[in-house]
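# take a look and give me a structure for this.
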Amino acid sequence: MLLRTFLLVIMSGLLQAKDLPYKGEDIAPKSRETSAQEVMKKMAEDEDAYYDPKVDYARFSGRVSDRDDGHNIFKVQSENSNVRFFRAGDYIKFTIPNISKASCEAYIRSVETGYFVMYVTSVYPCFPDGEYFRRGTILHIFSERLVERVHDASNYRVLLLKRREDFFRQLNHVNHFVWSYDQEKIKLAAEFDQQIISLQKKKQKGLENLVEKKKDSQILQKELAKRLDLMDNDLEFYRIGKNELFVDRWNADQDSSAPVQSFPEQYKNSEKAPAF
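Predicted structure coming up:
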């Protein structure tokens, strides 16, 4: 499993590397393509390991490697790799070739790599009573339950293959980013440099416009101040006076021989007029 995973990672790198510039000089491109083809071939062979309805998974053989004295607990060695799918409690049958065609019933107790332990209800239907049961005896085993286990395992393996394909797709993206980091770094820096230059130009143009606006505002300020001064003079010139003549002013004009009337003008309020 670890070797296959390592090979798949190498293949992913090789497939992704053909889209990137090669920096090394010690490996030729042809050798890289050959390695990728070998990995792909190995993967194709491994992908064919799925459930085949034409294969009889229920029948296989095993060898008794150990047993108890009561002939109820047997440890069986089998070269059939599918026995690892057994679970505790699975029902099986077995016969002993060249001894009897009768079947014995058993139930799986535990499973380990290359071995499984089974509990035999009775060994005597398929083995003569009173004879010594030798270790190393060959058993022909039949289990319909194993067919179901293999079928379920195959379906789950298809699901795992889809997940692995998705993981490799993600790995390709990650590898592409890691291997093209320098190029992406330069590209990103260039984009930000362009934005910085553009902002600097906008800043300079904005400052220049602000200086021009200040100059125009100063000219307008002087012109408006001048216009206000002229307007104040005009307002003062066109002020309408409402002065009234008084008696003392008429007497003063008379004393100065100014050309005035021969009698003073009456007060508006006659009640307040002084007596002469």
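# show me the chain divided up by domain.
Following automatic domain parsing, the chain resolves into domains at 1-48, 59-153.
# next, residue 182: secondary structure please.
The three-state label given to residue 182 by DSSP: H, G, I helix; E, B strand; the rest coil is helix.
# the closest residue to residue 114 other than its chain neighbours pairs with what?
Nearest residue to residue 114, sequence neighbours excluded (C-beta to C-beta, 6 or more residues apart in numbering): residue 77, at 6.0 Å. Yep, even glycine has a C-beta here, placed from its N, CA and C like the rest. For residue 77, the residues forming beta bridges with it (DSSP bridges) are residue 63, residue 115.
# returning to that earlier point: can you tell me which of the domains of the chain the model trusts least?
The minimum mean pLDDT among the domains of the chain belongs to domain 1-48 (a mean of 49).
# so which residues of the stretch 1-150 of the chain form strands?
Secondary structure of the stretch 1-150 of the chain, counting by DSSP state E, counting those that start in this stretch: strands at 59-67, 73-77, 91-96, 100-112, 115-120, 138-142.
# right, and those - which one's nearest residue 226?
Taking C-beta to C-beta as the measure, the strands of the stretch 1-150 of the chain were each checked against residue 226, and strand 100-112 came out nearest at 107.8 Å.
# contacts for the closest one?
Defining contact as C-beta atoms under 8 Å, 6 or more residues apart in numbering, one finds that strand 100-112 is touched by 73-74, 83-84, 86-95, 116-123, 125-128, 142.
# got a list of what residue 78 touches?
60, 61, 62, 63, 114, 115, 116, 141.
# hmm, residue 77 and the fourth one touching each other?
Yes. Counting by C-beta atoms under 8 Å, a contact exists between residue 63 and residue 77, whose distance comes to 5.0 Å.
# show the contacting residues for residue 97.
Residue 97 sits next to 138, 140 when contact means C-beta under 8 Å, 6+ apart.
# next, it: phi, psi?
Its backbone dihedrals place residue 97 at phi -60, psi 150, with angles given as degrees, to the nearest 10.
# which residues of this structure fall in helices?
Defined through DSSP state H, the helices belonging to the chain, from first to last, are 2-17, 29-47, 144-179, 181-237, 247-255.
# now do the last one, average pLDDT.
Translated: helix 247-255. Averaged across helix 247-255, pLDDT comes to 65.
# quick one on the thing from earlier: what about the residue nearest to residue 114, how many neighbours?
Using other C-beta atoms under 10 Å, the number of residues around residue 77 comes to 14.
# hang on, the earlier thing: could I get the strands of the stretch 1-150 of the chain as a markdown table with distance to residue 232?
As requested, those are exported to a markdown table (distance: least, C-beta to C-beta, whole Å):
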| stretch | distance to residue 232 |
| --- | --- |
| strand 59-67 | 120 |
| strand 73-77 | 121 |
| strand 91-96 | 119 |
| strand 100-112 | 112 |
| strand 115-120 | 116 |
| strand 138-142 | 122 |
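# and of those strands, who's closest to residue 50?
Minimum separation from residue 50 across the strands of the stretch 1-150 of the chain (C-beta to C-beta) falls at strand 59-67, 18.3 Å.
# what helices and strands are in contact with that closest one?
Here strand 59-67 is seen to pack against strand 73-77, strand 138-142 when contacts are counted using 3 or more C-beta pairs under 8 Å, 6 or more residues apart in numbering; DSSP states H and E.
# between those, which gets nearest to residue 194?
With C-beta to C-beta, the closest approach to residue 194 among the helices and strands packed on strand 59-67 belongs to strand 73-77: 71.1 Å.
# restricting to C-alpha, output that closest one in PDB.
Only the C-alpha atoms of strand 73-77 are listed here, as PDB (Å, rounded to 0.1, in the frame of the first residue of the first chain):
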ATOM      1  CA  ILE A  73     -10.800 -24.500  17.400                       C
ATOM      2  CA  PHE A  74      -8.700 -24.500  14.200                       C
ATOM      3  CA  LYS A  75      -6.200 -22.000  12.900                       C
ATOM      4  CA  VAL A  76      -6.100 -22.200   9.200                       C
ATOM      5  CA  GLN A  77      -3.500 -20.800   6.800                       C
END
